[in-house]
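Asker: Fold the following.
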Amino acid sequence: MKPYTNKDPIRLVLADVDGTLVTQEKVLTAKAKAAVAKLREAGVAFAITSGRPPGGMRGVIKDLSLTTVVAGFNGGVYVTPRLDPIVMRDLPKDAAARALELITEHALAAWLYTDTVWYVQDPKGPHVDRESWTVGFGPEVTSDYSPYIGQTAKIVGVSNNHEAVAACEKVVQEELGHLVSAARSQPYYLDVTHPAANKGSVVDFLSAVYLIPTSSIATIGDMPNDVLMFEKSGMSIAMGNASESVQAEANFVTHTNEEEGFGLAMEKFVLGQ
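Answerer: Here you go, the predicted structure:
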């Protein structure tokens, strides 16, 4: 873990959703809801960011009565809590096309998201059912992604071969790193988004919108793509279910998302600061 030397009070908490705010079964527990309510009572704002499309966070937004800007696609799309678009960051056309080629070369299934529609080529492919359940809507099926390349918010490479996903991540970063942001949001998902669409940029965006210095923002997450927001924020908290390498990048480590780690972290590290 990294030492916590920040002297500024925390005024905003930015949380990842899957693996952090919700359980493995995508449940927002009563303790998690209560923790967000306690933050509000203490005058601390609360915001969420996720690799999910904005529409896939509708339930969380409603259950927490969120009033803050929501960052979908890891900062590829910013929307109001009513899902009205504020900022869209689509992938450069050529980079999107090349990313799809590299994903296919590594034998990963490719998904394509515009800001509102999710496209797949194989509706029976790996994790399609789980993603449908997670985001609350199903995909459109197409054999050809080319008509949507110019309006791509996110591309996902999907495989149960975690080594292949990691290898593809490395190649996409090496070849397209100056044109895209590529990071695993799960061991089986490689998210490819606009270069400014990463969770570190979400911290900067919220800091500018709410006029809160980044040193007064706390972040909490569980995956390698959350480390970018850890690096930008005054306080960083890793979940107990995060890998050791992710935990090493945070100031604090809480329990897992199955053991009320989010609620505990809010009470112990944010409200107890």
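
Asker: by contact count, what packs against the helix ranked longest in the chain?
Answerer: Using DSSP state H, we find that the single longest helix of the chain is helix 162-176. On a contact count with 3 or more Cβ pairs under 8 Å, 6 or more residues apart in numbering; DSSP states H and E, helix 162-176 meets helix 93-105, strand 154-158, strand 181-186, strand 189-193. (Glycine included, C-beta is placed from N, CA and C.)

Asker: now those as CSV including mean neighbour count?
Answerer: Shown next, in CSV, are the helices and strands packed on helix 162-176 (neighbours: other Cβ atoms under 10 Å):
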stretch, mean neighbour count
helix 93-105, 18
strand 154-158, 26
strand 181-186, 23
strand 189-193, 28
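
Asker: Mean pLDDT lowest where, among these?
Answerer: Lowest mean pLDDT of those: strand 181-186, a mean of 89.

Asker: All the helices of this protein, residue numbers only.
Answerer: 30-41, 58-63, 93-105, 128-135, 162-176, 199-210, 227-232, 244-247, 261-265.

Asker: Mean neighbour count, the ones you listed: which tops it?
Answerer: For these, the largest average neighbour count (mean count of other Cβ atoms under 10 Å) is found in helix 261-265, namely a mean of 24.

Asker: Just the CA coordinates for that helix, please, in PDB.
Answerer: Output in PDB follows, covering the C-alpha atoms of helix 261-265 (Å, rounded to 0.1, in the frame of the first residue of the first chain):
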ATOM      1  CA  GLY A 261     -16.100  -3.700   1.800                       C
ATOM      2  CA  PHE A 262     -17.600  -0.600   0.300                       C
ATOM      3  CA  GLY A 263     -19.700   0.400   3.300                       C
ATOM      4  CA  LEU A 264     -16.800  -0.400   5.700                       C
ATOM      5  CA  ALA A 265     -14.400   1.700   3.700                       C
END
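
Asker: List of residues touching that helix?
Answerer: For helix 261-265, the surrounding residues in contact (Cβ atoms under 8 Å, 6 or more residues apart in numbering) are 15, 20-21, 29, 31-32, 34-35, 220, 237, 239-241, 252, 254-255.

Asker: which of these lies closest to Asn160?
Answerer: Asn241 (18.9 Å; Cβ to Cβ).

Asker: Does the closest one touch Gly19 like I think?
Answerer: Yes - using Cβ atoms under 8 Å, Asn241 is in contact with Gly19, at 6.2 Å.

Asker: I'm done for today, thanks for sticking with me.
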